[in-house]
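# Sequence first, predicted coordinates after that:
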Amino acid sequence: MRKHVIAGNWKMNKNLAQAVALADGMKEGLNALPDIDIIICPPLTALAAVRNAMQGTTIAVGAQNMHWETEGAYTGEVSPQMLTSMCSHVIVGHSERRGHFGETDEMVNRKLVAAVLHGLTPIVCIGETDAENRAGQTLEVLDRQTTRALAGLSAQQAATAILAYEPVWAIGTGRTPAPEEANATIGLVRKVVRREHGASAAEAIRILYGGSINPNVWPEFSVQPEVDGGLVGGASLSAADFVALAAQTRAAFLAKSGQ
Ligand code: PGA
């Protein structure tokens, strides 16, 4: 059974004091939930402080983005080498990065490869837009994004990445696909990983669902066999909601693994 994951993406929210307060507010509840991977991704300005706040707990901290180069003349950017001393995970290719900042599949791939080489676990986002969904292009888009993102990785490296299927039309909208539909789509993404990197990588890689997750809808998603956890935006800004989502993820994991 693939170890389940719940990751919170705080996006561009919370100043330093607010971020530490939010981390402190969820720390005890999250630390009481073993068996799953719990990751919080605060803004870069609060990464070190939140990492310190979480010291001595099982909660991992991640960045929301990074450059692929190790160092150099890239004003305003942060490198994987800088992140390794601060966190263990990094979100790569979020649809907001692709949509607002022009990140291409090639850039996502460079970031992913750099993350892996520096020992950071990437959480790689893929997902179709509303227009692509309506045009029946979902699978084509996910196939392309997955194949290109993971290009150049060995089967072993691919297996350690985390994928997050986030339909762009479901992010921050309150709209979600049916849980069974998300399950089927994630199953097809897993087939792409199998074709590109083999059966054992496909069996091992964790694939999350993301997009308008909240504690009311999450139980139905998290029990789906292909869904290995979730990537949460808005609801991760509430300590109570995020702890509830982590508890639901753990319950689903324990049920699937027959515990
Ligand atoms: P949302 O965001 O949970 O607010 O829809 C998800 C994401 O962007 O990762």
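Looks like it came in fine. Residues are numbered from 1 along each chain as shown.
# Give me the below-cutoff pLDDT ranges for the stretch 151-259 of the chain.
Under the criterion pLDDT under 70, no range of the stretch 151-259 of the chain is flagged.
# Surely Ile39 is in a strand?
Yes: under DSSP: H, G, I helix; E, B strand; the rest coil, Ile39 falls within a strand.
# Now do the same contact list for it.
5-8, 59-62, 88-89, 123 (Cβ atoms under 8 Å, 6 or more residues apart in numbering). C-beta coordinates here come from the backbone N, C-alpha and C atoms, glycine included.
# with those residues in mind, which one is nearest to Arg98?
Closest approach between the contacts of Ile39 and Arg98, by Cβ to Cβ: Ile123, at 14.3 Å.
# isn't the closest one right next to Val92, touching?
Yes: Ile123 is within contact range of Val92, at 6.8 Å (criterion: Cβ atoms under 8 Å).
# Looking at the contacts of Ile39, spot the one nearest Gly210.
Ala7 (8.4 Å).
# Helix, strand or coil: sort out the closest one for me.
When the rule is three-state DSSP, Ala7 gets the label strand.
# Now for the residue in the chain that the ligand sits nearest to: which residues touch it?
Of all residues in the chain, Gly233 sits closest to the ligand, at 2.2 Å by Cβ to the nearest ligand atom. The neighbourhood of Gly233, defined by Cβ under 8 Å, 6+ apart, consists of 9, 11, 171-172, 210, 213.
# same check, this time on Ser236
By Cβ under 8 Å, 6+ apart, the neighbours of Ser236 are 8-10, 40, 242, 245.
# Kindly report the same for Gly99.
Counted by Cβ under 8 Å, 6+ apart, Gly99 has contacts Val168.
# so it is in which element?
Take DSSP states H and E as the rule and Gly99 turns out to sit in helix 95-101.
# quick one: the strands in the stretch 101-250 of the chain?
121-126, 162-165, 206-210, 229-232 (DSSP state E, counting those that start in this stretch).
# List the contacts of the third one.
Looking back up the chat, that one is strand 206-210. 2-5, 7, 123, 125, 127, 162-166, 170-171, 182, 186, 189-190, 221, 224, 226-233.
# Same question for stretch 176-186.
Contacts for stretch 176-186 (Cβ under 8 Å, 6+ apart): 138-139, 142, 165, 167, 170, 207, 209, 211-213, 217, 220-221, 223-227.
# Is it in proximity to the ligand?
No: Stretch 176-186 is not in contact with the ligand by Cβ under 6 Å from any ligand atom; minimum separation 8.7 Å.
# Going by neighbour count, which residues in stretch 167-183 are buried?
For stretch 167-183, a neighbour-count test (16 or more other Cβ atoms under 10 Å) marks 167-171, 176-177, 179, 182-183 as buried.
# What angle do strand 5-9 and the helix or strand where Leu22 lies make with each other?
Element membership of Leu22, judged by DSSP H and E, is helix 16-31. Orientation check (axes from the mean of the first three to the mean of the last three Cα atoms, to 10 degrees): helix 16-31 against strand 5-9 gives 170 degrees.
# Quick check: mean pLDDT of helix 16-31?
Mean pLDDT, helix 16-31: 98.
# got the buried residues for that helix?
In helix 16-31, counting by 16+ other Cβ under 10 Å, buried: 19-20, 22-23, 26-27, 30.
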